[in-house]
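S.K.: Sharing a sequence plus its predicted fold:
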Amino acid sequence: MKRLVLLRHGESVWNKENRFTGWTDVDLSEKGVEEAHKAGKLLRAEGFHFAKAYTSYLKRAVKTLNVVLDEMDLDWIPVEKSWRLNEKHYGDLQGLNKAEMAEKYGDEQVHIWRRSYDVPPHPMQKEDARSPFSDPRYAGVAAEHLPLTESLKDTVCRILPYWEEVIRPDLQKQGELIIAAHGNSLRGIIKVLKNISDEDIPALNLPTAVPYLFEFDDDMNLVADRFLGDPDEIRALQEAVANQGKKK
Ligand code: DG2
C-alpha cells in the first residue's frame, strides 16, 4: 500500500482578509500557524512516517510543511520545492477582495473565476512589478511557462509533468509522501487522481490545513481517499471556503 497526503497550507493573512492570492507570496496568519501544528499532531497520531515531502515556492505552503514536519519529528526528511506546485495564478484579481468582487460583478462571475475549469481571470500585465517575470525566484523557469493568469486547466497542465515524472515514481518507490500546497493546485491534482469531470470539479473545496489521504495499491491504482479529521467539521469548513466568493 502507498500513502500520499495532500495538505493545503494553514490560513494565510490574505485568506483571513478574503483576498485573491494566487502567486502572491503572503505569510501564514497566527491561526494558520496553529492549524499547521494541529495537522502535524494529527498526522503523527495517525502514525504517518513520510519518506519525502514536496511543496511550492510560496511561503504559506513551505512554512506549513515545516511546522507539520517539526510536529512529527521529521524535520530531517528531504523536501523538494517546485514552482509547478504553486497556487493557480489569479491574474489581475490578485490582491482584490473576493466578496467585494462579488458585490461588483455578481456571485456567478466570481464563481466562474474561482471554480470554472477552463476560464482564466483577466491577465496581469507582464510589466507589473508583481508578475513572475520580475521575480528572481522564477529566473530558472522558461519564459513560456511563466503565467500571467491561469484557469484550473492551465494549472493542471503545468503540474502534470511534475506529478508524472517526479512525485508518482517517488511514491511508487518510497511508499509514503506528503505534498503541502494550495487550494487550487491540490484541486488540480485531485481531479487527475480521482478522474473528476470538468463539470464536477467546481464543487470541490479544500479547507486550510486539513490532511487529505490517498491510498494506492502497489500498481498505483487509487483504492481509497478520505479527509483526516471530524467529517462534520470538515464539511462546515468546505462550505465556508465555497462562500468566500459570495456577497456579504
Ligand atoms: C487561494 C484560493 O489560494 O482561493 O489564491 O486566493 O490555497 O493559496 O490560499 P490558497 C487564493 P479560492 O480559489 O478558494 O478563492
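M.R.: Structure received.
S.K.: CA atoms for contacts and neighbours, from now on please.
M.R.: Fine.
S.K.: Output the set of residues of the protein in proximity to the ligand.
M.R.: By Cα under 6 Å from any ligand atom, the residues of the chain that approach the ligand are 15, 19-22, 87, 114, 182-184.
S.K.: Look up the closest residue to the most centrally placed residue in the chain, ignoring the ones flanking it.
M.R.: Taking Cα atoms, centre = their mean, the centroid of the chain lies closest to residue 182, which sits 1.5 Å from it. Closest residue in space to residue 182, ignoring its immediate chain neighbours: residue 8 at 4.8 Å, by Cα to Cα, 6 or more residues apart in numbering.
S.K.: Going by neighbour count, list what's buried in the helix or strand that contains residue 241.
M.R.: Here residue 241 sits within helix 231-243, counting by DSSP states H and E. Using 16 or more other Cα atoms under 10 Å as the test for burial, helix 231-243 gives 234, 237-239, 241-242.
S.K.: Could you list the residues in contact with that helix?
M.R.: 205-207, 210, 227 (Cα atoms under 8 Å, 6 or more residues apart in numbering).
S.K.: ok, now with 7 Å
M.R.: 205-207 (Cα atoms under 7 Å, 6 or more residues apart in numbering).
S.K.: same check, this time on stretch 175-191
M.R.: 2-9, 49-56, 61, 65, 85-88, 152, 155-156, 171, 201, 206.
S.K.: Just the buried subset of the residues you listed, please.
M.R.: For the contacts of stretch 175-191, buried by 16+ other Cα under 10 Å: 2-9, 49-56, 61, 65, 85-88, 152, 155-156, 171, 201, 206.
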